[in-house]
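> here is my input; please provide its structure:
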Amino acid sequence: MSELSFCTQLTFQEVVNGIPHGVAVLDTRLCIVEMNTALERLTGYSSQDASGVYGDFIFRSSLGRKGELFRQVLATGEPVVAEGDILTIHRRKIPIRFTISPLSNQEQKRVGLLLVLEDISLQQTSPDGRGGAGKDHILGHSKEMLKVFDLLPVMAQTDASVLITGETGTGKDMIAEAIHKRSKRARHPFIKINCGALPEALLESELFGHVRGAFTGAVKDTPGMFRMAQHGTIFLTEIGDLPLQLQVKLLSVLDDKAFYPVGGTKKIQVDVRVIAATHRALRSQVEAGIFREDLFYRLNVLRLHLPPLRERAGDLRLLFDAFLHELSGQLNKGMTGCDPSVFELLETYGFPGNVRELRNIVEYCVNICQGHKINPECLPAYLFVQPGEDRQQEAMQEPAVARKSNLPPPSPGKKVLDPVTTVGSGWRGIEKEMILDAMKKTGGNRSQAAKILGWGRTTLWRKLTLHGLS
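Purely as a prediction, here's the structure:
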């Protein structure tokens, strides 16, 4: 009987199967006691098959022979984080970040190890070789994003066309590049072109190239994006904006793997995988006659939909912390986190710009905040504007920190009213007076004040911040 028999199957499944990374428990012989479903998917071995087997026979890692690093943690009791590779049952090498921690019983005797294996193959390294958050790293542990991550290896193993859909700012570009980097074409170019960013005549030349003399200013042959992506991947973002005439030519390329450059008479053969993306409803465009039905089905061989941020339960805080760490480091501001009330507000916001908008909000806060902790006054003013309020007024609003710091010095003997706390005129002034009266009646109790006003507690908190009363 293993010393880790206290880790019953029920407890392990309840606690560990919710973790998005691979997790394994090893005993003192470095044999596997249990592993979660994420690790089963990662290695290809079932928990039942792996139970009792020497761990390195399952992971086949590059961390050192005979489990040297595992034995070191077992002997010293000091956790270790290291990066290496594992070889799956299908002989696919995957880069992994290992977190190895000791497990002890009630008598503080070490009885095994807890391993967390994080797949970092989706991590896109920056030029200096370091992975980052936001632009350089796909983050998410919600069940919606785990479904996306599960589909990426499947889509990477084929050359079929992929259509990525999702609202603006959901990360379609990053997912397309992740598919390319995990495919057999990873050593070849990944070329991106925005189909809605150029006029039709220029876009055709950009995609398919042109020959000398094809039009005024064509002084030499130009290869075009499809030829530049030879043996690699071409990513057509905003495919819904592609003009009808070019849709016909793109369909021909997908069918024949060949095309004529602008003004050319010689057909060019290409070996390119096509990934397309759009935030538009292509089926509606097909019904409206502005997108070809045959091209839609040709692109829609594999389909991947990215969920909006508001549907990714639990990912908001993960992304916020990652962006804060990255951007604070870039500006050498040493920020340590944010006030809990910041998340209370952000969780009520719809994020129409999704992850990209969240990153912009964090960047704004890092630049504006004067301390080491983000508070509601550091947030962009538009987050406090209610539906139907004047958007021009929203654009004119400054954060409370900036307003206070820009106040002129008071003249001797003259009292200067703080615009943050002075009751104004109009509806905003009336609303502020109502809030102040309710807060006075309840002795500052927000829950009771919200009941008097007929609002929810979150609405009252937002109004307090809006009027500078928080």
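> I'd like the next helix or strand past the lowest-mean-pLDDT helix or strand in the chain.
Within the chain, confidence by mean pLDDT, DSSP states H and E is lowest for helix 400-405 among all helices and strands, at a mean of 40. Next in sequence after helix 400-405, counting helices and strands by DSSP states H and E, comes helix 426-441.
> show residues contacting that following helix.
Helix 426-441 is contacted from outside by 423-424, 446, 449, 452-453, 460, 463-464, 467, 469, using CB atoms under 8 Å, 6 or more residues apart in numbering. Backbone N, C-alpha and C define where each C-beta goes, glycine included.
> PyMOL command for the buried members of those residues?
The PyMOL command for the buried members of these (criterion: 16 or more other CB atoms under 10 Å) is given here:
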select buried, resi 449+452+453+460+463+464+467
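> give me the pLDDT for Leu407.
pLDDT, Leu407: 36.
> what does the one 5 residues further on give?
The pLDDT attached to Pro412 in the predicted structure is 46.
> what does Lys463 give?
At Lys463, the model reports a pLDDT of 77.
> that one reaches Trp455, doesn't it?
Yes - between Lys463 and Trp455 there is a contact under CB atoms under 8 Å: 7.4 Å.
> what about the strands in the protein?
Secondary structure of the chain, counting by DSSP state E: strands at 22-27, 32-35, 80-87, 93-104, 110-119, 162-165, 190-194, 233-237, 258-259, 268-269, 273-278, 302-305, 337-338, 373-374.
> put together TSV for the ones you listed, with mean pLDDT and distance to Gly44 on each row.
Shown next, in TSV, are these (pLDDT from 0 to 100; distance: least, CB to CB, whole Å):
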stretch	mean pLDDT	distance to Gly44
strand 22-27	90	12
strand 32-35	89	12
strand 80-87	85	10
strand 93-104	87	11
strand 110-119	88	13
strand 162-165	96	24
strand 190-194	93	28
strand 233-237	96	26
strand 258-259	92	39
strand 268-269	92	37
strand 273-278	96	25
strand 302-305	94	22
strand 337-338	83	39
strand 373-374	88	43
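> could you redo those as a markdown table and give each row mean neighbour count and distance to Gly55?
A markdown table is the format used below for the strands of the chain (neighbours: other CB atoms under 10 Å; distance: least, CB to CB, whole Å):
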| stretch | mean neighbour count | distance to Gly55 |
| --- | --- | --- |
| strand 22-27 | 23 | 5 |
| strand 32-35 | 24 | 5 |
| strand 80-87 | 15 | 11 |
| strand 93-104 | 17 | 11 |
| strand 110-119 | 21 | 8 |
| strand 162-165 | 24 | 36 |
| strand 190-194 | 18 | 36 |
| strand 233-237 | 24 | 36 |
| strand 258-259 | 16 | 51 |
| strand 268-269 | 14 | 49 |
| strand 273-278 | 24 | 37 |
| strand 302-305 | 16 | 34 |
| strand 337-338 | 18 | 36 |
| strand 373-374 | 18 | 42 |
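> so where's the chain uncertain?
Filtered on pLDDT under 70, the chain yields the residue ranges 1-15, 18, 20, 64-66, 121-137, 385-428, 458, 470.
> what number of residues lie near the closest residue to His90 other than its chain neighbours?
Of all residues not flanking His90 in the chain, Gly44 sits nearest, at 5.7 Å (CB to CB, 6 or more residues apart in numbering). Close neighbours of Gly44, defined as other CB atoms under 10 Å, add up to 14.
> how about stretch 235-254: buried residues?
Of all the residues in stretch 235-254, those buried under the rule 16+ other CB under 10 Å are 235-243, 246-247, 249-251, 253-254.
> could the strands of the chain go into a markdown table alongside distance to Leu318?
Below are the strands of the chain laid out as a markdown table (distance: least, CB to CB, whole Å):
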| stretch | distance to Leu318 |
| --- | --- |
| strand 22-27 | 18 |
| strand 32-35 | 23 |
| strand 80-87 | 18 |
| strand 93-104 | 16 |
| strand 110-119 | 13 |
| strand 162-165 | 22 |
| strand 190-194 | 26 |
| strand 233-237 | 25 |
| strand 258-259 | 43 |
| strand 268-269 | 45 |
| strand 273-278 | 23 |
| strand 302-305 | 20 |
| strand 337-338 | 13 |
| strand 373-374 | 16 |
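> quick one: closest of these to Lys184.
Comparison of the strands of the chain against Lys184 by CB to CB identifies strand 273-278 as nearest, at 9.7 Å.
> contact partners of the closest one?
For strand 273-278, contacts defined as CB under 8 Å, 6+ apart pick out 159, 161-166, 172-173, 176, 179-180, 183, 185, 232-240, 253-254, 299.
> given that strand, what are its sheet partners and their directions?
The strands beside strand 273-278 in its sheet (DSSP bridges) come out as strand 162-165 (parallel), strand 233-237 (parallel).
> quick one, which of those strands gets closest to Glu287.
strand 162-165 (16.3 Å).
> give me the contacts around the closest one.
Residues from elsewhere that reach strand 162-165, judged by CB under 8 Å, 6+ apart: 155, 172, 175-176, 179, 239, 274-279, 282, 299-306.
> coming back round to it: can you redo the strands paired with strand 273-278 as a markdown table with distance to Lys267?
Conversion of the strands paired with strand 273-278 to a markdown table gives the following (distance: least, CB to CB, whole Å):
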| stretch | distance to Lys267 |
| --- | --- |
| strand 162-165 | 26 |
| strand 233-237 | 18 |
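> which stretch among these comes nearest Ala201?
Among those, the nearest to Ala201 by CB to CB is strand 233-237 (17.5 Å).
> how big is the angle separating that closest one from strand 190-194?
Here the directions of strand 233-237 and strand 190-194 differ by 20 degrees (axes from the mean of the first three to the mean of the last three CA atoms, to 10 degrees).
> list of residues touching strand 233-237?
With CB under 8 Å, 6+ apart as the test, strand 233-237 has contacts from 172-173, 176-177, 179-180, 183, 185, 188-195, 225-226, 242, 250, 272-278.
> try 7 Å this time
172-173, 176, 180, 185, 190-195, 225-226, 272-277 (CB atoms under 7 Å, 6 or more residues apart in numbering).
> quick one: the residue nearest to Lys93 when sequence neighbours are not counted from Arg97, how far?
Computed as CB to CB, 6+ apart, the closest residue to Lys93 that is not its neighbour in sequence is Asp85, at 5.1 Å. Distance check for Asp85 against Arg97: by CB to CB, to the nearest Å, it reads 11 Å.
> check Gly209 too.
The gap separating Gly209 from Arg97 is 42 Å, by CB to CB.
> cool, Leu282 as well?
Per CB to CB, Leu282 is found 38 Å from Arg97.
> again, but for Ala218
Taking CB to CB, one finds Ala218 at 50 Å from Arg97.
> just Leu74 next, same as before
Taking CB to CB, one finds Leu74 at 20 Å from Arg97.
> then Asp119?
From Asp119 across to Arg97, the span is 8 Å (CB to CB).
> what of Thr170?
Using CB to CB, Thr170 is found at 25 Å from Arg97.
> with Leu251 instead?
Between Leu251 and Arg97 the distance is 43 Å, computed by CB to CB.
> of the strands of the chain, which is nearest Glu204?
Set against Glu204 and scored by CB to CB, those come closest in strand 258-259, at 10.2 Å.
> all good on my end, thank you.
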